[in-house]
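Visitor: Give me a 3D structure for the following:
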Amino acid sequence: MKIKPLADRVVVKPLEAEEKTKGGLFVPDTAKERPQQGEIVAVGPGRVSDDGKKIPMEVKVGDKILYGKYSGTEVTYDSIEYLIMRESDIFAII
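Guide: Predicted coordinates for the structure are as follows:
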């Protein structure tokens, strides 16, 4: 990965949205919701506290995470879409 996030930011590759419901119906592209799960592909070094100490990141590359529906900034790199967000925008590791 050539994208290197700064401070407490992470680069996330969103997981694909479900194309079929549990009942077997196919969901058209226009009705799909933004995914709220993804995989971390790059992690920044961590943020620096007010007293100058570096606070390490709790997530690592390869973690699957849950995040807010409208969290992060969408970027396209090598024709692949990623999200760049702060660690605080991550709700949980799954």
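
Visitor: Tell me which residue lies nearest the centroid of this protein.
Guide: residue 12 (3.2 Å; CA atoms, centre = their mean).

Visitor: name the element it belongs to?
Guide: Per DSSP states H and E, residue 12 falls inside strand 9-14.

Visitor: Please name the nearest non-neighbouring residue to the residue nearest to the centre of the chain.
Guide: Closest residue in space to residue 12, ignoring its immediate chain neighbours: residue 38 at 4.0 Å, by CB to CB, 6 or more residues apart in numbering. Where C-beta positions appear, they are placed from N, C-alpha and C, glycine not excepted.

Visitor: need the contact list for that neighbour.
Guide: 12, 13, 14, 15, 64, 65, 67, 83 (CB atoms under 8 Å, 6 or more residues apart in numbering).

Visitor: switch to 7 Å and redo it
Guide: Contacts for residue 38 (CB atoms under 7 Å, 6 or more residues apart in numbering) come out as 12, 13, 14, 15, 65, 67, 83.
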